[in-house]
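[1] coords please:
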Amino acid sequence: MTEPSSAPRVFIARRIPDEGLRLLLDGTDADLWEDELPPPRDELLRRVAGVEGLLSLLTDRVDDELLDAAGPQLKVVSNYAVGFDNVDVPACTRRDIPVGNTPDVLTETTADLAFALLMAAARRIPEGYDYVRADRWQTWGPMLLLSPDVHHATLGIVGFGRIGREMAKRARGFDMEILYHDVQQASPEDEAALHARSVEMDELLAESDFISLHTNLTPETHHLLDEAAFARMKPTAIVINTSRGPVIDQRALFEALRDRVIGGAALDVTDPEPMRADDPLLTQPNALVVPHVASASHTTRGRMAEMAAANLLAGLRGERLPTPVNPEVYEGR
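    Next up is the predicted model:
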């Protein structure tokens with residue numbers, strides 16, 4: 001007869017890289033969701049019943065309903081992401097449950113992807129690829145797939161945190177003029193080092209050739225780029241979004257691209273997400289969409305897995321999480 005496991009029970013909502021998964025499989029009684037798609041809501045609620053720890057992804061909504069389904073023995077929620085829009089952090093805090101995330105690990109990788117999207121959209125690389133595959137390439141032509149220059153263009157960065165500043169570093173290599181808008185202005189030393197200038201949002205929209213979004217999703221930034229914002233941009237402007245899909249009003253973006261109000265868009269995040277193949281936005285040749293892969297390098301995803309595992313294991317031991325979202329749960333302990 002098999003003895004019941006004394007290891008803490010946890011639910012892992014998706015397979016993560018081995019750097020973190022091995023730690024969890026060795027140190028816990030883990031129930032791993034093996035499917036590529038996230039667990040359906042009813043299955044998620046069933047599988048978390050009685051667990052002491054939960055490793056969640058952005059696709060898993062952690063709210064009062066889930067916390068009730070898990071039960072009072074739940075000790076920790078570890079979110080495999082920097083963002084935690086999917087977690088009702090106040091609900092967890094009310095129950096004295098620490099929530100962990102994986103900050104400071106994907107900054108440079110995300111900035112790499114954001115600049116790659118900028119380059120690809122600017123130089124019309126997806127259109128050129130499709131042109132060749134459709135057997136339309138008949139000769140060299142002086143008017144074929146003309147595009148704007150990236151070098152010496154003006155880049156507007158919305159949100160000048162860690163990723164926004166890394167984006168500025170990459171832009172400096174192309175001698176771009178860098179404008180930024182953030183609720184918190186950078187120090188004069190940081191501005192000088194990055195050759196960046198703080199401006200109001202209206203000026204950024206009007207003056208930028210490229211606009212890259214690196215802001216958190218909040219009530220204030222929801223649909224930050226809407227019909228009125230697109231109307232203030234240059235007709236050649238290209239928008240890049242690696243932050244969160246709802247920062248852009250996607251219907252307004254479709255109309256702005258269709259009517260040539262702006263020059264193009266390159267998105268790593270969408271609203272809704274995932275985007276379906278029949279989405280109207282994908283009918284526009286000046287729209288480039290990739291499937292939320294900004295952090296998808298082997299090294300970065302592996303480090304995220306290690307951090308998520310470390311948070312989960314620390315919470316199970318009753319220790320402070322290395323990277324807690326709600327450190328106030330430790331006050332008075």
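
[2] where along the stretch 1-150 of the chain do the strands fall?
    According to DSSP state E, counting those that start in this stretch, the stretch 1-150 of the chain carries its strands in the segments 9-12, 29-32, 53-56, 76-79, 99-100.

[3] which of these is buried the deepest?
    Highest mean neighbour count among those (mean count of other C-beta atoms under 10 Å): strand 76-79, with a mean of 29. The C-beta positions use only the backbone N, C-alpha and C, and glycine is treated the same way.

[4] List the pairing partners of that one within its sheet, with orientation.
    strand 53-56 (parallel), strand 99-100 (parallel) (DSSP bridges).

[5] CA-only coordinates of it in CSV, if you can.
    The C-alpha coordinates for strand 76-79 follow below in CSV (Å, rounded to 0.1, in the frame of the first residue of the first chain):
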residue,chain,number,x,y,z
VAL,A,76,1.1,31.1,-1.6
VAL,A,77,0.3,32.1,-5.2
SER,A,78,3.3,32.3,-7.5
ASN,A,79,2.6,34.0,-10.9
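
[6] what's the average pLDDT for that strand?
    Average pLDDT, strand 76-79: 98.

[7] Repeat that for stretch 174-181.
    pLDDT averaged over stretch 174-181 gives 98.

[8] Any idea how far that stretch is from the middle of the chain?
    Distance, stretch centre to chain centre, for stretch 174-181: 22 Å (C-alpha atoms, centre = their mean, to the nearest Å).

[9] re the thing from before, so which of the strands of the stretch 1-150 of the chain is nearest residue 316?
    strand 53-56 (5.1 Å; C-beta to C-beta).

[10] Centre of the chain to the closest one, how far?
    With C-alpha atoms, centre = their mean as the basis, strand 53-56 stands 19 Å off its chain's centre.

[11] circling back to that earlier point, rebuild the strands paired with strand 76-79 as CSV, extending it with mean pLDDT and distance to residue 125.
    Shown next, in CSV, are those (pLDDT from 0 to 100; distance: least, C-beta to C-beta, whole Å):
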stretch, mean pLDDT, distance to residue 125
strand 53-56, 98, 35
strand 99-100, 98, 38
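
[12] so which of the ones you listed gets nearest residue 116?
    strand 53-56 (28.4 Å).

[13] closest to residue 89 out of the strands of the stretch 1-150 of the chain?
    Among those, strand 99-100 comes nearest to residue 89, with 5.6 Å by C-beta to C-beta.

[14] For the strands of the stretch 1-150 of the chain, give me a markdown table that also has distance to residue 244.
    As requested, the strands of the stretch 1-150 of the chain are exported to a markdown table (distance: least, C-beta to C-beta, whole Å):
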| stretch | distance to residue 244 |
| --- | --- |
| strand 9-12 | 24 |
| strand 29-32 | 27 |
| strand 53-56 | 17 |
| strand 76-79 | 15 |
| strand 99-100 | 18 |
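
[15] Below-threshold pLDDT in this structure: ranges please.
    Applying pLDDT under 70 to the chain picks out residues 1-5.

[16] Longest helix in it, please.
    For the chain, the helix reaching the highest residue count under DSSP state H is reported as helix 298-316.

[17] tell me what that helix is packed against?
    In this structure, helix 298-316 packs against helix 18-27, strand 53-56, strand 76-79, strand 99-100, with contacts taken as 3 or more C-beta pairs under 8 Å, 6 or more residues apart in numbering; DSSP states H and E.

[18] now these in TSV, with distance to residue 205?
    Shown next, in TSV, are those (distance: least, C-beta to C-beta, whole Å):
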stretch	distance to residue 205
helix 18-27	40
strand 53-56	36
strand 76-79	33
strand 99-100	35
